[in-house]
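K.L.:
Quick one: sequence and predicted model below, then my questions.
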Amino acid sequence: MQKKKNTKYPIVGITIIICIIGIIFFRTTPFPPPNFEVEKYQRTCLDLKGFGAMLNRFKEQNDTLPNSGESLQVLYSNPDPTKYPNYQQITKKPVNGYFNDPWGNPYYYINTKDSFEVFSFGSDGKSGGVEEAKDIFIGSCPP
């Protein structure tokens, strides 16, 4: 009786071949570089929406919005205990004392009587600008 020769490849060999083909494919396939400016814009929008929610909570607690001079510091420190007797700290104090956008520039807060605006001056840190340097407001962010 003649023995059959085992011609099956072992599973390890097949796995190695598939890995080599995968490495060759991924090394030769061009992938677009990540667009960090878009990611920074999206992060800024998330931050602005978060500040909006925190300021609305502040208004619910104190029946008023902070004035523009008190800035976003009211979210972690009560600027005037007599004016805000129901104050509760909403967030932790940032390391440097300021909330910064992804470009390292501070966020700005303006009280507009019954409402407010929180915004970033974008990548250039200056008012105005176009493309990546444009100012970013809560209203300009996607819902």
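P.N.:
Everything's here; your move.
K.L.:
The longest helix along the chain - contacts with which helices or strands?
P.N.:
As assigned by DSSP state H, the longest helix anywhere in the chain is helix 36-62. With contacts defined as 3 or more CB pairs under 8 Å, 6 or more residues apart in numbering; DSSP states H and E, helix 36-62 has these neighbours: strand 115-120, strand 136-137. C-beta here means a position set from N, CA and C on the backbone, and glycine is covered the same way.
K.L.:
give the contact list for the closest residue to F51 other than its chain neighbours.
P.N.:
When the adjacent residues along the chain are set aside, F51 lies closest to V118, with 4.5 Å between them (CB to CB, 6 or more residues apart in numbering). By CB atoms under 8 Å, 6 or more residues apart in numbering, the contact list for V118 reads L48, F51, G52, L55, L72, Y107, Y108, Y109, I110, F137, I138.
K.L.:
what about the last one, distance to G13?
P.N.:
When you say that, I think you mean I138. 58 Å (CB to CB, to the nearest Å).
K.L.:
likewise the fifth one?
P.N.:
L72 is 61 Å from G13, where distance means CB to CB.
K.L.:
This completes my enquiry, with thanks.
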